[in-house]
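A.B. asks: this is the structure alone, sequence omitted:
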């Protein structure tokens, strides 16, 4: 080994590294997010990957929607002739914070053994994701439609509606192309995101975080398959507040009305247009109705009573005006069945919620 | 150790390499190595909740090393003026590190703000007076050496036995005026002590038997504190290391290439393979969650390779750093999972530790039993020596029942291996005469050895006996899961 050899190794290594980076940037590598061990070597996940403590939850949060869908069991299940496919989108309460997959709304409904009048088996798929943004729901719905659903179940809550919050969630902010496409297609009243799609961003170095996340997602898939665990379940958690502040304001807004166009109901319309022929059931999901201090002013930590009441009126008006299938189940679950947030229910509360949906008659 | 820390160590090693190129700086190469090693042990010491302890522990490391030299050096060697210079350099260096306290709230050489300077000066004075008195000894009595070894072992037990460490933490918290109720066994994490203790015992014992070569203080300290091998080995022998230190490989492309290659291999093993496998390796958390024996085997397999790549990766990094400075460190791993017997596995796994135990436990114990207990049958001598050596190796990793069981697992394995080798010798000879059959038997032996070693890792990886037994049962489909 001599100096020339070292020099040659360094030069060749550098050249190859540069070449691979350039190739990666030039070739369209977007489909590589679909490369997955899930649904082949590993079992598909029952819900989207999301987790802030990967070593305990065997799960992680990533912004790559392709990789997220590729890890979901929906991606590995060709639709059977006798299947009636229902996708359930929504926020963390749909995803199932502190709930096991089978305890979530989709999990309970899927195990209920429902059948359509023509004998098809009704299968539910949990496509909830733990952030409160209707744009995020649209983004997921847009992708999910390629899986040929027969029905979309879409639980929502007021906290997902404020227009100024729509683009703040990390998964939305990190998918500017998808979001801007939705804004353009449906002429949404939102400011398009800046797209950082420069050449260097497309190299391996530029995409190192995405690539590392994809790899980690595969590895945690081993643990998910081995344990069936996709969330850390703390032995103890801080329960949702029941004693509330004496505060009427909601995002700085005061009673009796929201400022014009401050709630993004147009995103619900966009969702309906996006679904097209696929029927959608919109559900105003149950919230914690506190009986503690200042509960005459607020329902819970999130909502002053006036704001939520106005929202419910607007929600029912929008449903009636557009002829959407809507359910308002805001008070369906007693307050003792909420866990660490005013929208997170325990398994029993989730079961009540599911029964209400089943008995509403809107399901096939 | 983080990737950034390793890159900084690479930078330091390249600095030594450069210093070795120039005639003027080459003269100070050993001093430079000493200074860097001392600074690095302060820098790498993890932060500790007991006030000032993350400064005092590296300081204690340095002074224990000086004490080791005073006890092992011949009286005439101790008197050399150059040793006094080295000691002066050392104390000044510690003072400078302590003075970084006054650079502001942020510290860069120590994990937290060093203690007040008057405390450091007082400690240096007291220790120096003690060393001065010791230096006047005309001859180091054998009992003093034995006492030093005993004290090191006691300290080792104190640091490895959680109940004692907890008590020590509580006491130290009392000294510093911190809450004793918050004491934890993790409060006292002494970087590199396991390794430095073994190097010290080696020199003390070799001094007793007259095998230790003459070493100056700076040579002895560099041997003890050599930064590439300080925290994770290899545990070199003094006589071998000193030859390398005194006659290093000439700096140049050859060293850089060899060092760079080992570094890259080590970094790949540690940060790509081991850290990736760690995500799916068996541990105390997932052991009770896994559904099905197949997955459990996969997790165990991942652990087997994770521990190998982690440990051998660090060794590669240490060897690579050594190369950059012209010093060849001994190999610690030689494809251990590809060996066809447990004996061969232990000849190739953590080689320097195994050699240490062979030299200072196994061989002396065997000699002792063969001379003092002649009535014992040979097989019983082998059983006793194998079990005691392996249990001690287990205890070196941690003083818990699981490490003892891991030691017993390997002790019994080695004993059975030994008995089988003796009994099956004629059969082995016949098999070796038929190459195809020999290959098949070797392959099966490798598989069997690897499986046995992997099953042994269950004791090593898990925190308690109950979980380990459940996992072992579940691996064979017994019981309803771990």
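C.D. replies: Okay, I see it. Everything quoted here is computed from the prediction, not taken from an experiment. Numbers count the residues shown, from 1 in each chain, chains lettered A, B, ... in the order given.
A.B. asks: when you work out contacts or count neighbours from here on, use the C-alpha atoms and nothing else.
C.D. replies: Fine.
A.B. asks: neighbouring contacts of the worst-scoring helix or strand of chain B on mean pLDDT?
C.D. replies: None of the helices or strands of chain B scores lower by mean pLDDT, DSSP states H and E than helix B:75-78, at a mean of 80. Helix B:75-78 is contacted by residues B:70, B:135-139, B:214-216 when judged by Cα atoms under 8 Å, 6 or more residues apart in numbering or on different chains.
A.B. asks: stretch A:175-190 now?
C.D. replies: A:63-64, A:135, A:138-139, A:163, A:172, A:192-195, A:266-267, A:270.
A.B. asks: gap between the two ends of stretch A:278-288?
C.D. replies: 31 Å (Cα to Cα, to the nearest Å).
A.B. asks: can you get me a residue count around residue 134?
C.D. replies: Answering for chain A, as no chain was given. Neighbour count of residue A:134, defined by other Cα atoms under 10 Å in any protein chain shown: 29.
A.B. asks: the chain in question should be chain B.
C.D. replies: 15.
A.B. asks: now do the phi/psi pair for it.
C.D. replies: phi -70, psi -40 (degrees, to the nearest 10).
A.B. asks: what about the strands in the stretch 101-250 of chain A?
C.D. replies: Here the stretch 101-250 of chain A has its strands, by DSSP state E, counting those that start in this stretch, at A:121-128, A:151-156.
A.B. asks: check the gap between the residue nearest to residue B:181 when sequence neighbours are not counted and residue B:402 for me.
C.D. replies: Nearest non-adjacent residue to residue B:181, counting by Cα to Cα, 6 or more residues apart in numbering or on different chains: residue B:170, 7.6 Å away. Distance check for residue B:170 against residue B:402: by Cα to Cα, it reads 25 Å.
A.B. asks: any idea of the mean pLDDT in stretch B:95-114?
C.D. replies: Average pLDDT, stretch B:95-114: 86.
A.B. asks: CSV for the strands of the stretch 101-250 of chain A, including mean neighbour count and mean pLDDT?
C.D. replies: Converted to CSV, these look like this (neighbours: other Cα atoms under 10 Å in any protein chain shown; pLDDT from 0 to 100):
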stretch, mean neighbour count, mean pLDDT
strand A:121-128, 24, 97
strand A:151-156, 24, 97
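A.B. asks: the most centrally placed residue in chain A and chain B, how far apart?
C.D. replies: The centroid of chain A falls nearest to residue A:129 when counting by Cα atoms, centre = their mean (2.1 Å). Remark: distance between residue A:129 and chain B (Cα to the nearest Cα, to the nearest Å) = 24 Å.
A.B. asks: settle this for me: that residue is touching residue A:69, isn't it.
C.D. replies: No - look at residue A:129 against residue A:69 with Cα atoms under 8 Å: they stay out of range, at 11.6 Å.
A.B. asks: contacts for the one helix or strand residue B:39 maps to, please.
C.D. replies: Residue B:39 is part of helix B:29-44, with elements assigned from DSSP states H and E. Under the criterion Cα under 8 Å, 6+ apart, residues B:1, B:12, B:16, B:19-20, B:54-55, B:58-59, B:62, B:90, B:93, B:97, B:108-111, B:191, B:218-219, B:221-222, B:225-227, B:230, B:245 lie in contact with helix B:29-44.
A.B. asks: kindly give a single PyMOL line that selects the buried subset of the residues you listed.
C.D. replies: Buried residues among the contacts of helix B:29-44 (16 or more other Cα atoms under 10 Å in any protein chain shown), as a PyMOL selection:
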select buried, chain B and resi 12+16+19+20+54+55+58+59+62+90+97+109+110+111+191+218+219+221+222+225+226+227+230+245
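A.B. asks: now intersect the contacts of helix B:29-44 with the helices, please.
C.D. replies: Secondary structure assignment (DSSP state H) places B:12, B:16, B:19-20, B:54-55, B:58-59, B:62, B:90, B:93, B:97, B:218-219, B:221-222, B:225, B:245 from these within helices.
A.B. asks: before we move on, back to that, closest one of the contacts of helix B:75-78 to chain A?
C.D. replies: When the contacts of helix B:75-78 are compared for distance to chain A (Cα to the nearest Cα), residue B:215 wins out at 33.2 Å.
A.B. asks: for residue A:13, see how far away residue B:436 is.
C.D. replies: Taken as Cα to Cα, the span from residue B:436 to residue A:13 is 41 Å.
A.B. asks: would you map out the domains in chain A?
C.D. replies: Chain A breaks down into these domains under automatic domain parsing: A:1-30, A:35-359.
A.B. asks: buried sites along whichever helix in chain A runs longest?
C.D. replies: Secondary structure of chain A per DSSP H: the longest helix is helix A:3-26. Using 16+ other Cα under 10 Å as the burial criterion, the residues of helix A:3-26 that qualify are A:6, A:21-22, A:24-25.
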